[in-house]
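>>> The following block contains a protein sequence and its predicted model.
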2 protein chains.
Amino acid sequence: MRQAGRYLPEYRALRAKVDFETLTRTAELAAEVTLQPLRRFELDAAILFSDIMTPLQGMGVELKFEPGPVVREPIRTDAQIDALPALVPSRDVPFVLESIRQVRPQLPRGVPLIGFAGAPFTLLCYLVCGKPSKEFGPARAFLYAQPESAQRLLAHLADAMAEYLRAQAAAGAQALMLFESWAGLLAPPEFTRFALAAVRRTAAALRATGVPLIYYVNQGSALMPAVAELDVDVIGVDWRTPLGQVREILGPSKAVQGNLDPAALFAAPQELRRHVDAVIEQAGPAPGHVFNLGHGIWPDTDPQQVARLIDYVHERR
Amino acid sequence: MRQAGRYLPEYRALRAKVDFETLTRTAELAAEVTLQPLRRFELDAAILFSDIMTPLQGMGVELKFEPGPVVREPIRTDAQIDALPALVPSRDVPFVLESIRQVRPQLPRGVPLIGFAGAPFTLLCYLVCGKPSKEFGPARAFLYAQPESAQRLLAHLADAMAEYLRAQAAAGAQALMLFESWAGLLAPPEFTRFALAAVRRTAAALRATGVPLIYYVNQGSALMPAVAELDVDVIGVDWRTPLGQVREILGPSKAVQGNLDPAALFAAPQELRRHVDAVIEQAGPAPGHVFNLGHGIWPDTDPQQVARLIDYVHERR
């Protein structure tokens, strides 16, 4: 909700001149796009404009955005996994760190900058399948057919994302989010064995930074008991699981982030307020709730509705 | 798991000669394909070969399978909804009823035939979007932006599917399944208000037939408390929610169906057995568990693995 995107005319104007990949790889442009939503709305935080595949590109994985990421050579063998280099952020993705350094001084006082990375299993989905997919069949089959290779790849990605996020924090990111966009492909035993084990590795390496950690779990209704064990500060959830239920499972030691259905932005203004009320009621008394959408804003969303949403959330809080 | 599909060489051989739509609209061919898995495996039930969109075609909705259903004119206005005729199965889809009549006498003794239909909300997704989609954005926005129109369309589809399934039962189907493939797009309040209300309408109309009803809910981990209220005999679940948890929420009055991950068929044989054990253990003591996959078999599945799965389930039971 705090990230720029095609729903904003000013973003589309920039994209008409520059392709997506260039936006993500040019510090000045990424910084400009990061700031776009803050110029338009009174937001309580900014989130870095980037893509979860950007650090993998930095590690030498050849890919294109069409518009989803398409990897030239899907990774499925131990030889390919062992050939993946470690990520050295200052060498491989210096523009990301530079965009963070450029954004920070331009943010209003009290508005923190959130850095982010893809969670290891979600990155594995793209690397193994080679392209976006509804089912990510080859990635799921990979876990069952080659569990040791999957764990080896996940460990490598977990370490790379820890390096990446540590460098973002050093450059000025004040919170760090891991996106587990494809958590919902896995049953709880496989989620725990593969996805969660890798996130645990990343999170453990980041604890020393002292920067708050957010783990966004998409489609994770059945996974919350497993997620509750993870040592992070905030769990982001999609619109499918009522926040009250999530709170109950996670307990008082974690905050929650979410979870209005992005489709609710298509409701009439009065109805939209009712849906916001429902989310806030489910979340229970603040503190410990970061209001957000349960997933990204759709490109055909009316920015006026986003303005109404933000105003109303401020009014309620 | 009991339906034919591209993973079977004999199905692919037939499809090389006849397109998918013709298969679904020709009684002899649909009957033949329905029987294919039973010739190869020792299955405990047969499921009609058809498509959830077939009755909508019968109602005059123009669509093509490319291979997913693409509707020529997506339905989004009240005028379009009101123009949809009622379904008269004997006139609009006689070939489906005829294929049921042809299959029945060819089934081994004690092997029942399952008929099916798409659940109203899942059909709405295709009708409103016009084509398959990962997010089905236009359908979800439709619920929020035009809730009364959505309810009107759902009521119409609920009645049509009740007619359709009643006719299938009269032709010889011995159990009736409703597929809610896209339940997981909805948060519980919208699921209850739209999808479940429509299924309740269909199910109520079918109770008089005395035929067991199965409701398959894909991605419904957060929806089970709502589903528990529905008056059907069996709830089918995908691989994401542990059956033990489902049992606990549904209570003893409903049986469960599922829920091995179709990806598990790519595991080594010994590992596959371990995954089957886990499903059976979660399901608890029979009766009340129909072993199944949590979703359709993938086209690149090895039929040998399906044979191993079926043998092992028989061995365990």
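Cool, the structure landed.
>>> Flag every residue of the stretch 201-317 of chain A that's near chain B.
A:219, A:221-222, A:239-242, A:245, A:261, A:263-268, A:271, A:275, A:278, A:294, A:298, A:300 (C-beta under 8 Å from any C-beta of the partner chain). In short, each C-beta sits where N, CA and C put it, glycine included.
>>> from the residues you listed, which ones fall inside helices?
Residues of these located in helices (DSSP state H): A:245, A:271, A:275, A:278.
>>> Look up how far residue A:293 lies from the residue nearest to the third one when sequence neighbours are not counted.
The reference is to residue A:275. Closest residue to residue A:275 apart from its sequence neighbours, by C-beta to C-beta, 6 or more residues apart in numbering or on different chains: residue A:264 at 4.3 Å. Separation of residue A:264 from residue A:293 (C-beta to C-beta, to the nearest Å): 8 Å.
>>> Quickly list what's touching both of those two.
By C-beta atoms under 8 Å, 6 or more residues apart in numbering or on different chains, residue A:264 and residue A:293 have these common neighbours: residue A:239.
>>> helix, strand or coil for the closest residue to residue A:48 other than its chain neighbours?
Leaving aside its chain neighbours, residue A:48 sits nearest to residue A:115 (5.2 Å; criterion: C-beta to C-beta, 6+ apart). What DSSP: H, G, I helix; E, B strand; the rest coil gives for residue A:115 is strand.
>>> residues contacting residue A:115?
Counted by C-beta under 8 Å, 6+ apart, residue A:115 has contacts A:48, A:100, A:165, A:168-169, A:171, A:173, A:175-177.
>>> The stretch 51-200 of chain A: helices as residue ranges?
Counting by DSSP state H, counting those that start in this stretch, the stretch 51-200 of chain A has these helices, from start to end: A:54-58, A:78-83, A:89-92, A:94-103, A:120-129, A:137-145, A:147-171, A:188-190, A:197-206.
>>> out of those, deepest packed?
helix A:120-129 (a mean of 26; mean count of other C-beta atoms under 10 Å in any protein chain shown).
>>> helices or strands up against that helix?
With contacts defined as 3 or more C-beta pairs under 8 Å, 6 or more residues apart in numbering or on different chains; DSSP states H and E, the packing partners of helix A:120-129 are helix A:54-58, strand A:69-71, helix A:137-145, helix A:147-171, strand A:175-180, helix A:197-206.
>>> quick one: it to helix A:197-206, angle?
130 degrees (axes from the mean of the first three to the mean of the last three C-alpha atoms, to 10 degrees).
>>> contacts for helix A:120-129?
A:52-53, A:56, A:61, A:63, A:69, A:71, A:74-76, A:132-133, A:136-139, A:142, A:150, A:153-154, A:157-158, A:161, A:179-183, A:185-186, A:194-195, A:198-199, A:201-202.
>>> before we move on, the earlier item: the helices of the stretch 51-200 of chain A: which one's closest to residue B:228?
helix A:188-190 (20.1 Å; C-beta to C-beta).
>>> which residues are contacting that closest one?
Here helix A:188-190 makes contact (C-beta under 8 Å, 6+ apart) with A:143-144, A:222-223, A:225-226, B:240, B:242, B:261, B:278.
>>> now do stretch A:5-18
Against stretch A:5-18 from outside (C-beta under 8 Å, 6+ apart): A:4, A:23, A:26, A:29, A:32-33, A:36-37, A:39-40, A:296-303, A:306.
>>> Low-confidence bits of the stretch 101-250 of chain A, can you list those?
Under the criterion pLDDT under 70, no range of the stretch 101-250 of chain A is flagged.
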